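[1] Below: sequence and its predicted model.
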Amino acid sequence: MSEGQKNARQKLGDKYLLPFQLKSKLDFNTVFKNNNPTYLEIGFGMGDTAVEVAQSYPEHNYIGVEVHPPGVGRALKLSEDSGLSNIRVIEHDAVEVTQHMLPQKSLSGIHIFFPDPWPKKRHHKRRLINGEFVHQLTLLLMDAGYLHIATDWEEYAEEILATLRENHHLENTAADFCERPSYRPTTKFERRGLKLGHQVWDIIFRKC
Ligand SMILES: C[S@@+](CC[C@H](N)C(=O)[O-])C[C@H]1O[C@@H](n2cnc3c(N)ncnc32)[C@H](O)[C@@H]1O
């Protein structure tokens, strides 16, 4: 972690970090001091996209979850530099955060942009998106809330599409994959994939 990222965590932790809690759910009204719609971003990497989205939509609240400490430090610094008050960060495993910390039917949308693809077959079981996790996410969505996943790995894209189609509480907003919506900036990981000649697949399902 760079000195800047370390300093950001020390100075800005109280303002932006929400400690992981096992025994009680967050109250977004208390956290953000408003009842604006709240969105979750899982695995925000270095934080650029999460901060850019929060900056573009000040009328929404954003919670970012990430396990990579340098990314968390950078996200805090970017948030402060942009003067944001509508973003909070949880530095913890998203599976546990979604199980223990977030209330049911509380989220207007969930963003998972470029989850680790784990391309080798023997590593597929490490992939974040599976039926059980998707089920947990649907419990957190409000009615008509959306789950948006993007990937540059074709075979994972097909697997994600099939997994979401299997969930009876979700319906696809497109026939299969959709165009990148205007609210999603190009992410750092995506740019790396595009340079390698990868395609990108966006998948958006709504809770029904
Ligand atoms: C391939 S990177 C994509 C980062 C960013 N979304 C982008 O598009 O540039 C995937 C990110 O997900 C994070 N991640 C993976 N598993 C996670 C988990 N269980 N909980 C929280 N973050 C996770 C990783 O630390 C990593 O930063």
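    That came through fine.
[2] Which residues are in contact with Phe114?
    Counting by CB atoms under 8 Å, 6 or more residues apart in numbering, Phe114 touches Gly43, Gly45, Ala150, Thr151, Asp152, Thr187, Phe189, Glu190, Gly193. C-beta here means a position set from N, CA and C on the backbone, and glycine is covered the same way.
[3] Could you report the distance from the residue nearest to the spatial centre of the chain to Glu3?
    Residue closest to the average C-alpha location in the chain (CA atoms, centre = their mean): Glu41, at 1.8 Å. To Glu3, Glu41 is 26 Å away according to CB to CB, to the nearest Å.
[4] quick revisit: which ones, among the contacts of Phe114, also lie beside the ligand?
    Counting by CB under 6 Å from any ligand atom, Gly43, Gly45, Thr187, Phe189, Glu190 from the contacts of Phe114 sit close to the ligand.
[5] Surely the second one and Glu190 touch.
    Looking back up the chat, that one is Gly45. No: judged on CB atoms under 8 Å, Gly45 makes no contact with Glu190 at a distance of 10.1 Å.
[6] list the buried ones in the strand or helix carrying Arg74?
    Applying DSSP states H and E as the criterion places Arg74 in helix 69-81. Within helix 69-81, the residues scored as buried using 16 or more other CB atoms under 10 Å are Pro70, Gly71, Val72, Gly73, Arg74, Ala75, Leu76, Lys77, Leu78, Ser79.
[7] Over to stretch 26-39?
    Leu26, Phe28, Phe32, Asn36, Pro37, Thr38, Tyr39.
[8] picking up where we left off before, out of the buried residues of helix 69-81, which touch the ligand?
    Checking these against the ligand by CB under 6 Å from any ligand atom, the ones in range are Gly71.
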